[in-house]
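[1] Here you go, sequence then predicted model.
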Amino acid sequence: MMKIIGVIPARYKSSRFPGKPLADLCGKPMVWWVYRQCKKVDDFDAVYVATDDRRIFDACAELGVEVVMTSDIHRTGTDRVGEVARGIPADLIVNIQGDEPLLEPTTIKAAIEPFYSNPELEVANLMTRINDPADVVNVTIPKVITNKDGVGVYLTRAAAPYPKGSLDVAYYKQVCVYGFKPSALKFFCDYGAKYGKAKIEAVEDIEILRFIENGYKVRYVEVESETVAVDTPNDLEKARAIVAAKIASGELRVQ
């Protein structure tokens, strides 16, 4: 049996949306919704929020959310996850972004399942088909390009791949749930400490590119997900509308 932990990195100083993890979402901070969804995944032995901000730490503690205080020097959320993993050993570490409050437990579980059947796998990530054409050109949404075996070739904020020969092309966006074996997570953190961000990772500002640039085979799993990544206040309004509708229908309860 693998020991599997989930870690939700949450920082206050977002350049596009300061204080984002504590943004009110139908009466609870956004990070609470993410944590609650993670706790429904029975594969996890434990779930933690990882933060460098006392305001987030205190809010989590007050709501009964397991929270770990980390250093404030980390360049990426994955570096923050790596710090937690050094203190809490596990066979698999799952990084769940704290700005996707609508993630379904089945979606989170999809990032774990490939590791059961492939012991050689070191990194997995999720993607979902883009149905809204506006998302294809939205630069806040990383688009995923894989080969025929579902291995990541590239991620970009541009509209890609370009349909030169045919308009019959499917576009996919990244869903920010990552599975890491400890060795891969250690590589990510050690590389960052020595070199900073990798070349194209820095250009696109997409963390997973550090692995792809350095020869790791990142396994992509396609999921059907209605998740909304909250990068801006406008995204928060979209998430609020969806959550409010689910609460009104009885599908969700705030408790």
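    Cool, the structure landed. A quick note: this is a predicted structure, and the numbers were derived from the prediction, not measured. Numbers count the residues shown, from 1 in each chain.
[2] hey, where'd the helices end up in this structure?
    Using DSSP state H, the helices found in the chain span residues 30-39, 54-62, 77-87, 105-110, 113-117, 133-136, 182-195, 199-204, 209-213, 233-249.
[3] neighbouring contacts of the longest one?
    So that's helix 233-249. Helix 233-249 has contacts (CB atoms under 8 Å, 6 or more residues apart in numbering) with 17, 20, 23, 25-26, 30, 33, 101-102, 140, 226, 228-230, 252-254. The way it works is simple: take the backbone N, C-alpha and C, and place the C-beta from them, glycine included.
[4] One more: the second one?
    The list of residues contacting helix 54-62 from outside it, by CB under 8 Å, 6+ apart, reads 10-12, 19, 21-22, 29, 31-32, 35, 49, 51, 66-67, 69.
[5] Go ahead and confirm Ile4 touches Asp43.
    Yes. Contact status for Ile4 versus Asp43: in contact at 5.3 Å, counting by CB atoms under 8 Å.
[6] okay, and the common contacts of the two?
    Ile112.
[7] ok, of the contacts of helix 233-249, which come out buried?
    Burial by neighbour count, 16 or more other CB atoms under 10 Å: within the contacts of helix 233-249 this picks out 17, 20, 23, 25-26, 30, 33, 101-102, 228-230, 252.
[8] what comes up buried for stretch 237-244?
    Neighbour counts over stretch 237-244 (16+ other CB under 10 Å) mark Ala239, Arg240, Ile242, Val243 as buried.
[9] Can you check the pLDDT for the last one?
    In the prediction, the pLDDT value recorded for Val243 is 86.
[10] how near is it to Thr76?
    As judged by CB to CB, to the nearest Å, Val243 and Thr76 stand 27 Å apart.
[11] that older thread, so which of the helices of the chain gets nearest Arg219?
    helix 113-117 (5.4 Å; CB to CB).
[12] Trp33 is in contact with Gly98, isn't it?
    No. At 9.4 Å, Trp33 does not count as touching Gly98 under the criterion of CB under 8 Å.
[13] Can I get the buried ones among the contacts of helix 233-249 in TSV including distance to Ala90 and pLDDT?
    As requested, these are exported to TSV (distance: CB to CB, whole Å; pLDDT from 0 to 100):
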residue	distance to Ala90	pLDDT
Phe17	30	81
Lys20	26	90
Ala23	29	92
Leu25	29	91
Cys26	32	89
Met30	25	92
Trp33	24	92
Pro101	24	89
Leu102	26	86
Val228	29	78
Ala229	25	78
Val230	27	84
Leu252	29	75
